[in-house]
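Participant: Mind looking at a prediction? Sequence and model below.
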Amino acid sequence: MGQADRAEPEGGMRIATLSKRLHRLSILAAALGLVLAAAMPASANESTVAEQCKVPFDLIDDLASFPNTARQIVAERRLTVVALGASSTQGTAASSPEKAWPSRFAEILGGRLSAIEVRVVNLGMRGQTARDMVDRLARDVAPLKPAMIVWETGTVEAVRATDPAEFAHVLMEGVDAMAQLGADVILMDPQYARTTARLINFQPYLDALRLTAGLPDVNLFPRHEVMRYWAETGRLMPRTREEMTKGNDDLYDCMAQLLAEVVDRGLRQAAHAQRR
């Protein structure tokens, strides 16, 4: 039998394997659609983001369909998310832990997916680098078995002027380890503020995060650009020192609203596309 003859059955096997995978994905999406339909009425597909929090659609329109998240929702009717990050994830500038964005994200997404138990575990720690967080994955994250990890990073590296190539390497190591945990990943880049943007060169770290987000099941929530838009349009900008704490609470709340919207929308779009 010639080489071409041997290749034919191998190709046929590959096609059969792909067909089975697509079939499983179709079943998953159909099941996800039923779960989401039970979770919330059709009106939940409409935006519930507050007017002061809204940004142009093209800033947050390219997040993926979150397949690992979908599988956990369908199989267990629950969703476990880990928020991994530094001080802004920990919520050190908020008026209380309940006002930090992970707590608000849990409440808002849980409201949109009311038939599903949504749990967001906040593992943010002030001053943590990407390296520090990757080193915590096996000990702190893996036992929680999350279907989604929101990884906020890059700020500490920018402040310390860490080698961007080293940062990019750690990012790759981190998302590979998170994939091994069976989690979808949403990278969250550094915050934007006019004063810090003039003093710190964030761009190499923003670029590294954007490039890493091109990997399968890895997404980028562009917090830096979102906050730049708010600043340039005069939104969410405290005018006095007394307004600063409430302003931080409002920023965290808006971030949580946008993040909940894109996760919910990504799941629903995936289910809708597969039912066509």
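Facilitator: Nice, thanks for sending it over.

Participant: ok, now which ones touch residue 221?
Facilitator: Contact partners of residue 221, counting by Cβ atoms under 8 Å, 6 or more residues apart in numbering, are 60, 63, 150, 186, 187, 188, 189, 258, 259, 262. All C-beta spots, glycine's among them, are computed from the backbone N, C-alpha and C.

Participant: any idea which of these is closest to residue 170?
Facilitator: Relative to residue 170, the closest of the contacts of residue 221 is residue 187; by Cβ to Cβ it sits at 12.2 Å.

Participant: How many neighbouring residues does that closest one have?
Facilitator: Other residues near residue 187 number 25, with proximity taken as other Cβ atoms under 10 Å.

Participant: contact partners of whichever strand or helix holds it?
Facilitator: With elements taken from DSSP states H and E, the one containing residue 187 is strand 184-188. Residues lying outside strand 184-188 but in contact with it, judged by Cβ under 8 Å, 6+ apart, are 63-64, 66-69, 85, 89, 147-153, 171, 175, 178-179, 209, 212-213, 217-221, 223, 259, 263.

Participant: Can you show me the strands along the stretch 51-200 of the chain?
Facilitator: Using DSSP state E, counting those that start in this stretch, the strands assigned to the stretch 51-200 of the chain run over residues 78-84, 117-122, 148-152, 184-188.

Participant: Same list, those strands, but as CSV with distance to residue 98 and mean pLDDT please.
Facilitator: Shown next, in CSV, are the strands of the stretch 51-200 of the chain (distance: least, Cβ to Cβ, whole Å; pLDDT from 0 to 100):
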stretch, distance to residue 98, mean pLDDT
strand 78-84, 14, 97
strand 117-122, 11, 97
strand 148-152, 18, 98
strand 184-188, 20, 96
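
Participant: okay, those in a markdown table with distance to residue 253 next?
Facilitator: Below are these laid out as a markdown table (distance: least, Cβ to Cβ, whole Å):
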| stretch | distance to residue 253 |
| --- | --- |
| strand 78-84 | 15 |
| strand 117-122 | 14 |
| strand 148-152 | 16 |
| strand 184-188 | 15 |
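
Participant: which stretch among those comes nearest residue 227?
Facilitator: The closest approach between residue 227 and any of the strands of the stretch 51-200 of the chain, judged by Cβ to Cβ, belongs to strand 184-188 at 11.2 Å.

Participant: sorry, back to before: and the strand holding residue 187 with strand 148-152, angle?
Facilitator: Interaxial angle of strand 184-188 relative to strand 148-152 (axes from the mean of the first three to the mean of the last three Cα atoms, to 10 degrees): 20 degrees.

Participant: quick check: angle from strand 184-188 to strand 78-84?
Facilitator: Taking the same axes, to 10 degrees, one finds strand 184-188 and strand 78-84 inclined to each other by 40 degrees.

Participant: Strand 184-188 pairs with which strands?
Facilitator: Paired with strand 184-188 in the same sheet, following DSSP bridges, are strand 148-152 (parallel), strand 218-221 (parallel).

Participant: among those, which is the most enclosed?
Facilitator: Among those, judged by mean count of other Cβ atoms under 10 Å, the one packed with the most neighbours on average is strand 148-152 (a mean of 27).

Participant: and residue 168, what is it in contact with?
Facilitator: Under the criterion of Cβ under 8 Å, 6+ apart, the contact partners of residue 168 comprise 208, 211, 212.

Participant: Could you dump those into JSON lines and include distance to residue 78 and pLDDT?
Facilitator: As requested, those are arranged in JSON lines below (distance: Cβ to Cβ, whole Å; pLDDT from 0 to 100):
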{"residue": "208", "distance to residue 78": "33", "pLDDT": "98"}
{"residue": "211", "distance to residue 78": "33", "pLDDT": "96"}
{"residue": "212", "distance to residue 78": "28", "pLDDT": "96"}
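
Participant: Can you select the buried ones from the residues you listed in PyMOL?
Facilitator: Filtering the contacts of residue 168 down to the buried ones (16 or more other Cβ atoms under 10 Å) takes a single PyMOL command:
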select buried, resi 208+212
